[in-house]
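Q: sequence and predicted model, in that order:
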Amino acid sequence: MIHNDIAIEFKKVCYEVNDLSILNNVSGVFYNGKITTLVGPSGAGKTSLLKMCNGLHSPTSGDIYIFNKPITTYEPTALRTNVGIVLQSSPIIRGTVFENLALPFKLKNKTLLEKEAIAFLEDVGLDRTFLYRQGRDLSGGQQQKVSIARTLMNQPNILLLDEITSALDPTSVQEIEQLLLNINKKYKTTIIWITHNIEQAKRIGDYTWMMMEGQLVESGESKRLWSTSNDFIQTITLGGQEV
Ligand SMILES: Nc1ncnc2c1ncn2[C@@H]1O[C@H](COP(=O)(O)OP(=O)(O)OP(=O)(O)O)[C@@H](O)[C@H]1O
């Protein structure tokens, strides 16, 4: 059966490296056009799972479907164009913001027009005066916005975010949350967002996946999940606001 509301589906996914089990029998869905936060203690397997969504890692067993098609049927470049990723410290290359933004185009032998670059910058709340500033001279928050804009250049349907605000000041955190909520709304982008900050997870996620020791222990609508009081939620919320 085809489900148009599902962007990514995991079916009994296991991932092992050198006989070490990193993901164990993970089954679940990420809904199309929604924001799902991925929470759990350090070492739970969140980054490994995220990297499976754009083919950076492959399951040892089990299946992953992207828009109802097995991930293995996608050509790797097409998959990475369709499923973008931003990391905690995505690299800013030497050169101007324009050169950084042009990178995905350059890799495809295409030319980025200045007006296109300005439109993408505006999507992340930076005005045209940033275009010819040196990327590495920008603040951490501004660099992260440029990284997000650079990933958006490919117009991905799915955006994977790995702790992208954990090194930033509260104002930048708030701005980046808002700009991603706007992008989600404007382009209907499906977002999967790893965060250690429980308050952030509650604020931004339509859905939540809770992971522990390589397993998906809870998942569902955030409003419902965070208001229940099972053992997992007790464990991660009583320990403070960071997991
Ligand atoms: N290539 C690898 N070789 C060996 N062990 C690995 C490899 N990749 C991940 N692991 C281990 O798998 C487990 C899960 O790692 P992963 O980075 O996915 O967790 P995480 O939940 O994202 O953690 P964190 O919140 O600290 O980033 C960890 O114990 C890690 O050491």
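A: The structure has been received and is ready for your questions.
Q: up against the ligand, what does the protein have?
A: Applying Cβ under 6 Å from any ligand atom, we find that the chain lies next to the ligand at 17, 20, 22, 40, 42-48. (C-beta placed from N, C-alpha, C; glycine too.)
Q: report the buried members of the residues you listed.
A: 22, 40, 44-48 (16 or more other Cβ atoms under 10 Å).
Q: same question for stretch 124-136: list its buried residues.
A: 124-126, 130-131, 135.
Q: now do stretch 13-26
A: 13, 15, 22-23, 26.
Q: which residues are contacting that stretch?
A: Here stretch 13-26 makes contact (Cβ atoms under 8 Å, 6 or more residues apart in numbering) with 10, 12, 27, 45, 48-49, 52, 57, 59-64, 213-216.
Q: quick one: which of those residues sit in strands?
A: 10, 12, 27, 61-64, 215-216 (DSSP state E).
Q: could you work out the most separated pair of the residues you listed?
A: Greatest spatial distance in the ones in strands among the contacts of stretch 13-26: 63 and 215, 17.3 Å, computed using Cβ to Cβ.
Q: mind listing what residue 131 touches?
A: Contacts of residue 131 (Cβ under 8 Å, 6+ apart): 96-98, 114, 117-118, 121.
Q: farthest-separated two in those?
A: 96 and 118 (13.1 Å).
Q: got the contact list for stretch 96-116?
A: Identification of contacts with stretch 96-116 by Cβ under 8 Å, 6+ apart yields 92-93, 117, 120-121, 126, 130-135, 138, 146, 149-151, 153-154.
Q: list the buried residues of stretch 99-112.
A: 99-102, 104-105, 112.
Q: closest one of those to residue 35?
A: Among those, and counting by Cβ to Cβ, the member closest to residue 35 is residue 104, at 22.9 Å.
Q: helix, strand or coil for the closest one?
A: Under DSSP: H, G, I helix; E, B strand; the rest coil, residue 104 falls in the helix class.
Q: among the residues of the chain next to the ligand, which pair sits farthest apart?
A: Between all members of the residues of the chain next to the ligand, the farthest pair (by Cβ to Cβ) comes out as 17 and 40, at 18.3 Å.
Q: show me what the mean pLDDT comes to for the longest helix along the chain.
A: Counting residues, the longest helix in the chain under DSSP state H turns out to be helix 170-187. On average, the pLDDT along helix 170-187 is 94.
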